[in-house]
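> predicted structure and sequence below. I'll ask about it afterward.
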Protein chains: 2
Amino acid sequence: MKVAIVGASGAVGHEFLRVLDEQNFPIDAEGGLRLFGSKRSAGSSIEFRGREYVIEELTEESDFSGIDFAFTSAGAGTSRRFADVITRHGALMIDNSSAFRMDDDVPLVVPEVNGDDAFNAPRGIIANPNCTTIILVVALKPIADIAPLTRVHVATYQAASGAGAAAMDELIEQHRAMQAGEEPKVEKFAHRLAFNLIPHIDVFTDNDYTKEEMKMYNETKKIMHAPGLDVSATCVRVPVMRAHSEAVWVEAEKPLTVDAVREAFNAAPGLVVVDNPGEMLYPMPKDVTGQDPVYVGRLREDLSQKGGVTFWLVGDQIKKGAALNAVQIAQYILARRK
Amino acid sequence: MKVAIVGASGAVGHEFLRVLDEQNFPIDAEGGLRLFGSKRSAGSSIEFRGREYVIEELTEESDFSGIDFAFTSAGAGTSRRFADVITRHGALMIDNSSAFRMDDDVPLVVPEVNGDDAFNAPRGIIANPNCTTIILVVALKPIADIAPLTRVHVATYQAASGAGAAAMDELIEQHRAMQAGEEPKVEKFAHRLAFNLIPHIDVFTDNDYTKEEMKMYNETKKIMHAPGLDVSATCVRVPVMRAHSEAVWVEAEKPLTVDAVREAFNAAPGLVVVDNPGEMLYPMPKDVTGQDPVYVGRLREDLSQKGGVTFWLVGDQIKKGAALNAVQIAQYILARRK
């Protein structure tokens, strides 16, 4: 396979390379990998499997012929502007931005949930969902297989990584400054994040939900093929480096039991149940950082809604929340093409 | 008035003194303040309004005669053991521990919600609710005045202060250690808190909710006189120093509207609405630390439940969540006794 990575110097770009390597993704040794970036990052080089690759500047003249999969993570503007350049010679663009996610002719895919949608991509574009939505639907799918879901309430605890590599640096720098008694700098976030919480991710929309919260509403419906499933989310940035956590309440058309949901969780792909309160075992960002699966725990009945259940989930935002899911989409396609 | 503080050297004990001073609580200059603590802290002295007060050891022989109000915050065990010593000469014990909160003959009071319950304290004990519950019910009360509440889903983001002064020090020390590349020490929390989240506060109960979560369930019913109001809470410790935050979804017997709830919030005592997304204004721990009121914002309709609303609240855990509420109980009694 020949693979291109667009946005190679970013946090997700780096993770694409790590994940492709970890997953033993079949990349041709000769000319099988090309890296693209902005003018600023062009010319710098990155090592992959013992070879140096130089980042090329992405322009209208960039030639993607021969590329099988292009993993793009350089923002919605770049994806929109270069989608035609990337796909016109037959490359399948697996796009991590929000540019095309809600387009009817672009599938929005989490392999554990709706992998087969990947085969219906008339524009040669498959969208990778929002990170917070990906890790949520991996846990919702096994419950939806018990009974169609109707309602989800979810409060998120989102790591700095969701705002990019520079934002992660900023959080560390803020902590250093505060330790030293200096005024912490605020550039990447709307406010100081160190020792603080920011209930505001992405921009606000007309209904006073943020775009991040509305992504969870809209993308969940699309991925799960569930127009009747409504999600009310509150998305909050927390001073954690890179794993996102969520407190979730779920209701379905039929009453759910904790036992049935636990059984479904245990059998579900991509999901690991860590739920042993007696031993103080439950998913936490510090343990899930760098891990592939989504972790669930704290499963119990919803005391305020008969037939509802509640649980806690944690997933690495850069892995399953971004790069890993995109690579898994390509793997899903390859495995079923043969 | 003559006031005693039990647990004077703790985080809440210190705050009792600060709040009594800020509130101009009428304390006799001569012999109007006595401080009590464990054997370990006895003998050390604390300044209040320009005088030094020496902490006395609390024993079975301690004499509380003449004391009007005893503010106690030294753990449930100490409160149970010394309740009789403290109250037998007529002192009113306003107890910050969980020892008596659910006792039928002990009122559980948040002045903005059920202040008059304070006048029915046959044992001479009034319980100060759990911090997370106090700040929640201040926001629920004005909504309940529109229509009786039925359901609350709440995810908490709780600061280190809830675990005491030593826990706050531990969080700072963990950050210092990690900055220095050292292994952070874990003593006061179940796990490392720096750059992490711990979905576990207080011990686990039989239904797999934690005691902290069940306090929110039980205490909310009692304070609000609402046996039909069920709360499902997920309580999470976050790396923040001292203000607690909560993402809340509320339903009532009648459909609620955002406009009606906003109007009720604006008119409610003890509550400040900060809700201007366009200006990036919403409550955050860094701004609420040290403040008296509970702050609410991010008010919007519940997209998953017609007639429900959702909002975000932040309250200082040591102030309204503990010391301030206790002092306000005493003030409520004094104002209405006259």
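Now that the structure is in, tell me what you want to look at.
> what residue ranges in chain A score low on pLDDT?
A:338 (pLDDT under 70).
> quick one: the strands in it?
A:3-6, A:33-37, A:45-48, A:51-57, A:69-72, A:92-95, A:125-127, A:149-157, A:230-234, A:243-252, A:271-273, A:294-301, A:309-316 (DSSP state E).
> thought residue A:8 was touching residue A:33?
No. Between residue A:8 and residue A:33 there is no contact under C-beta atoms under 8 Å: 9.7 Å. Where C-beta positions appear, they are placed from N, C-alpha and C, glycine not excepted.
> ok, the two, which is more surrounded?
residue A:8 (31 against 23; other C-beta atoms under 10 Å in any protein chain shown).
> return the residues of the stretch 1-150 of chain A in contact with chain B.
Remark: no part of the stretch 1-150 of chain A is in contact with chain B, using C-beta under 8 Å from any C-beta of the partner chain.
> so who does the residue in the stretch 1-150 of chain A positioned nearest to chain B touch?
As assessed by C-beta to the nearest C-beta, chain B sits closest to residue A:150 within the stretch 1-150 of chain A, at 8.0 Å. Applying C-beta atoms under 8 Å, 6 or more residues apart in numbering or on different chains, we find residue A:150 in contact with A:228-230, A:251-253.
> TSV for the strands of chain A, including distance to residue A:168?
As requested, the strands of chain A are exported to TSV (distance: least, C-beta to C-beta, whole Å):
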stretch	distance to residue A:168
strand A:3-6	20
strand A:33-37	19
strand A:45-48	18
strand A:51-57	20
strand A:69-72	20
strand A:92-95	22
strand A:125-127	24
strand A:149-157	16
strand A:230-234	23
strand A:243-252	12
strand A:271-273	24
strand A:294-301	21
strand A:309-316	13
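> between the ones you listed, which gets nearest to residue A:280?
strand A:294-301 (10.9 Å; C-beta to C-beta).
> figure out how far the closest one is from the centre of its chain.
19 Å (C-alpha atoms, centre = their mean, to the nearest Å).
> parallel or antiparallel, which strands does it pair with?
strand A:271-273 (parallel), strand A:309-316 (antiparallel) (DSSP bridges).
> any idea which of these is most buried?
strand A:309-316 (a mean of 28; mean count of other C-beta atoms under 10 Å in any protein chain shown).
> could you tell me the angle between it and strand A:149-157?
50 degrees (axes from the mean of the first three to the mean of the last three C-alpha atoms, to 10 degrees).
> where do the helices sit along the stretch 1-150 of chain A?
Using DSSP state H, counting those that start in this stretch, the helices found in the stretch 1-150 of chain A span residues A:11-22, A:76-87, A:111-114, A:131-144.
> most tightly packed of these?
helix A:131-144 comes out most buried of the helices of the stretch 1-150 of chain A by mean count of other C-beta under 10 Å, with a mean of 26.
> show me which of the contacts of residue A:150 are buried.
Buried residues within those, counting neighbours by 16 or more other C-beta atoms under 10 Å in any protein chain shown: A:229-230, A:251-252.
> now for those residues: which two are most distant?
Greatest spatial distance among those (C-beta to C-beta): A:230 and A:252, at 12.5 Å.
> any idea how far residue A:86 is from residue A:9?
17 Å (C-beta to C-beta, to the nearest Å).
> residue A:104: neighbour count?
There are 7 residues near residue A:104, going by other C-beta under 10 Å.
> residues in contact with it?
Residue A:104 touches nothing, counting by C-beta under 8 Å, 6+ apart.
> could I get the phi/psi values of it?
Backbone torsions of residue A:104, given as degrees, to the nearest 10, read phi -60, psi -30.
> distance check, residue A:277 against chain B.
The spacing between residue A:277 and chain B, counted by C-beta to the nearest C-beta, to the nearest Å, is 4 Å.
> hang on, I meant residue A:211
11 Å.
> was I right to think that residue contacts residue A:217?
No. Applying C-beta under 8 Å as the test, residue A:211 and residue A:217 come out as separate, 10.3 Å apart.
> neighbour-wise, which of the two wins?
Counted by other C-beta under 10 Å, residue A:211 and residue A:217 do not tie: residue A:217 has more neighbours, with 20 against 15.
> I figured that one hits residue A:231, correct?
Yes. With contact defined as C-beta under 8 Å, residue A:217 and residue A:231 form a contacting pair (4.7 Å).
> mutual contacts of those two, please.
The overlap between the contact sets of residue A:217 and residue A:231 (C-beta under 8 Å, 6+ apart) consists of residue B:303.
> what about residue A:47, how many residues nearby?
Considering only other C-beta under 10 Å, residue A:47 is surrounded by 9 other residues.
> ok, and the closest non-adjacent residue to it?
Leaving aside its sequence neighbours, residue A:47 sits nearest to residue A:53 (C-beta to C-beta, 6 or more residues apart in numbering or on different chains; 7.5 Å).
> list the contacts for that neighbour?
Contacts of residue A:53 (C-beta under 8 Å, 6+ apart): A:33-35, A:45-47.
> and it, how close does it get to residue A:4?
Applying C-beta to C-beta, the value for residue A:53 to residue A:4 is 11 Å.
> okay, and the common contacts of the two?
A:33-35.
> list the contacts for residue A:73?
Residues near residue A:73 by C-beta under 8 Å, 6+ apart: A:5-7, A:10, A:12-13, A:16, A:95-97, A:322-323, A:326.
> can you rerun that using 6 Å?
A:7, A:12-13, A:96 (C-beta atoms under 6 Å, 6 or more residues apart in numbering or on different chains).
> from the residues you listed, pick the one nearest residue B:174.
Each of the contacts of residue A:73 was checked against residue B:174 using C-beta to C-beta; the closest is residue A:12, at 28.3 Å.
> quick one: the residue nearest to that closest one when sequence neighbours are not counted and residue B:205, what's the gap?
Nearest residue to residue A:12 in three dimensions, chain neighbours excluded: residue A:73, at 4.0 Å (C-beta to C-beta, 6+ apart). Per C-beta to C-beta, residue A:73 is found 44 Å from residue B:205.
> which bits of the stretch 201-338 of chain A sit near chain B?
A:204, A:208-209, A:217, A:230-232, A:234, A:238-241, A:245, A:247, A:249, A:277, A:280, A:282, A:284-286, A:298, A:300, A:302-304, A:310, A:312 (C-beta under 6 Å from any C-beta of the partner chain).
> among those residues, name the buried ones.
By 16+ other C-beta under 10 Å, those give A:204, A:208-209, A:217, A:230-232, A:234, A:238-241, A:245, A:247, A:249, A:277, A:282, A:284-286, A:298, A:300, A:302-304, A:310, A:312 as buried.
> hang on, isn't residue A:161 packed against residue A:318?
Yes. Residue A:161 is within contact range of residue A:318, at 5.4 Å (criterion: C-beta atoms under 6 Å).
> joint contacts of the two?
Both residue A:161 and residue A:318 are in contact with residue A:242, where contact means C-beta under 6 Å, 6+ apart.
> which of these two has more neighbours?
Just comparing residue A:161 and residue A:318: by other C-beta under 10 Å the higher neighbour count belongs to residue A:318, 30 against 26.
> I figured that one hits residue A:15, correct?
Yes. At 4.6 Å, residue A:318 and residue A:15 qualify as touching, with contact defined as C-beta under 6 Å.
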